[in-house]
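Enquirer: fold the following and give me the result.
(one chain, ligands or ions: 1)
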Amino acid sequence: MPRVAILATGGTIAGQKQADNASALSYESGKLSAKDLISAVPGLEKLATLNAEQIASVGSQDMNDKIWFSLAKKIKSLADSKGADGVVITHGTDTLEETAFFLSCVLDPSVPVVLTGAMRPASALSADGPANLFEAVKVAADARSKNKGVMVVLNDTVHSPVWVTKTDTTNVATFQSGYSGPMGYVDAADLHYTQTSASQKPFTLPLPEGDALPRVEIIYSHSNMDDQLIKSAVSNGTRGIVLAGVGDGNTSATALKALEAARKDGVVVVRASRVQNGAVKRNVEVNDDQSGFVVSPGLNPAKARVLTQLLIANKITAPDKVQQAFDAATGNAKE
Ligand SMILES: NC(=O)CC[C@H](N)C(=O)O
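Expert: Below you'll find the model as predicted:
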């Protein structure tokens with residue numbers, strides 16, 4: 001039997017109805033333990049020998065660097081000691097894609113790590129958590145998942161951490177990999193990888209010392225955009241700014257001027273887009289070469305922030321080197 005470690009962090013999958021809730025949708029996340037989750041899924045013990053550990057009990061809006069570092073260290077030590085053939089992380093869905101992307105940047109891909117969650121709490125009609133957990137364990141335990149690294153499994157679908165994003169506030173089909181399509185599909189009977197190399201990334205960054213990443217802000221662009229948020233981010237000591245730009249990662253002339261000034265002060269500036277799909281292209285409307293900006297070839301602003309934090313923590317701040325890492329992370333390397 002394959003051995004799968006289940007690391008629980010909280011979220012709706014561990015959510016339960018509040019005693020006197022006012023709304024049919026209200027619940028408290030992170031109430032159920034890893035053991036409660038496993039016991040709610042008949043047949044799980046036939047897929048793998050399970051070892052469950054509670055790493056945290058938070059709604060993923062409260063996910064933080066400390067929990068990320070403890071997950072990364074735990075999984076590294078399981079990989080080094082050959083203590084598990086696969087890992088499943090149960091997680092709230094709100095920031096699940098950020099945790100998945102962070103782990104994919106710092107972990108060796110040999111041991112598959114599958115993040116899953118739920119859109120409906122355990123106490124809801126037709127809760128989706130039990131099936132998602134079953135399918136996540138199935139993917140983590142499957143020999144074909146070796147070397148695929150970090151993946152996200154919900155609603156019968158296997159996603160790459162690079163492309164997956166939450167697209168709907170409540171629907172169980174919320175996770176989509178629009179730009180590249182999913183890596184594969186899974187159900188109670190079968191696992192089928194339809195893309196074989198989608199989650200392979202060409203680099204693994206060292207996990208930084210300590211348990212905190214450098215400050216990088218996301219600034220959301222809009223019409224009538226001024227420079228106030230950019231200026232205050234710089235005066236608050238941010239090390240990087242990810243622009244969630246309009247269209248092709250763009251913003252107003254006033255904001256661009258403030259970003260150029262930030263860059264001159266040593267702040268890493270990355271142009272991502274608030275548009276869900278598509279890559280930001282270099283030197284279109286904005287002169288990135290002259291301004292020292294980096295563009296995000298498809299990582300959404302939240303994930304672009306994580307990569308920028310990890311690069312700064314690893315002392316990679318020169319725009320050409322940061323650009324190379326963004327290109328590599330998205331399979332868009334130029335050579
Ligand atoms: N569906 C969910 O998991 C959302 C619940 C909670 N906000 C979280 O992200 O953990």
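
Enquirer: for residue 291, which non-adjacent residue is closest in space?
Expert: residue 260 (5.0 Å; CB to CB, 6 or more residues apart in numbering). C-betas here are computed from N, CA, C, even on glycine.

Enquirer: residue 70 now?
Expert: That would be residue 55: by CB to CB, 6+ apart, it lies 6.1 Å from residue 70.

Enquirer: from residue 240, how far out is the residue nearest to residue 291?
Expert: Distance of residue 260 to residue 240, given as CB to CB, to the nearest Å: 15 Å.

Enquirer: more neighbours, these two?
Expert: Set residue 260 next to residue 240 and count neighbours by other CB atoms under 10 Å: residue 240 wins out with 26 against 17.

Enquirer: show the contacting residues for that one.
Expert: By CB atoms under 8 Å, 6 or more residues apart in numbering, the contact list for residue 240 reads 214, 215, 216, 217, 267, 268, 269, 270, 305, 308, 309, 312.

Enquirer: what residues does the protein put near the ligand?
Expert: 11, 12, 29, 59, 60, 61, 92, 93, 94, 117, 119 (CB under 6 Å from any ligand atom).

Enquirer: and those, which two are the farthest apart?
Expert: 61 and 119 (14.8 Å; CB to CB).

Enquirer: so which of the residues of the chain next to the ligand belong to strands?
Expert: Among these, no residue falls in strands (DSSP state E).

Enquirer: so for the residues you listed, which is the shakiest by pLDDT?
Expert: The lowest pLDDT within the residues of the chain next to the ligand belongs to residue 29, with 76.

Enquirer: for it, grab the count of nearby residues.
Expert: Residue 29, neighbours per other CB under 10 Å, totals 24.

Enquirer: wait, what's in contact with it?
Expert: 10, 11, 12, 14, 15, 58, 59, 92, 121.

Enquirer: confidence score at the first one?
Expert: Which is residue 10. Confidence score, pLDDT, at residue 10: 93.

Enquirer: leaving out chain neighbours, which residue sits closest to it?
Expert: Nearest one to residue 10, counting by CB to CB, 6+ apart, is residue 30 at 3.1 Å.

Enquirer: now do the contacts for the residue of the stretch 51-200 of the chain found nearest the ligand.
Expert: In the stretch 51-200 of the chain, no residue comes nearer to the ligand than residue 92, which is 1.6 Å away by CB to the nearest ligand atom. By CB under 8 Å, 6+ apart, the residues touching residue 92 are 9-13, 29-30, 58-61, 63, 117.

Enquirer: what's the distance between it and residue 173?
Expert: 17 Å.

Enquirer: what sits against residue 272?
Expert: 242, 243, 244, 245, 249, 280, 295, 296, 299, 300, 301, 304.

Enquirer: residue 186 contacts residue 158, doesn't it?
Expert: Yes - between residue 186 and residue 158 there is a contact at 5.8 Å, judged by CB atoms under 8 Å.

Enquirer: residue contacts, the closest residue to residue 95 other than its chain neighbours?
Expert: Nearest non-adjacent residue to residue 95, counting by CB to CB, 6+ apart: residue 60, 4.3 Å away. Contacts for residue 60 (CB under 8 Å, 6+ apart) come out as 9, 10, 11, 91, 92, 93, 94, 95, 96, 99, 117.

Enquirer: how about residue 15?
Expert: Residue 15 neighbours (CB under 8 Å, 6+ apart): 27, 28, 29, 30, 31, 32, 118, 121, 122, 123.

Enquirer: brilliant, that's me finished.
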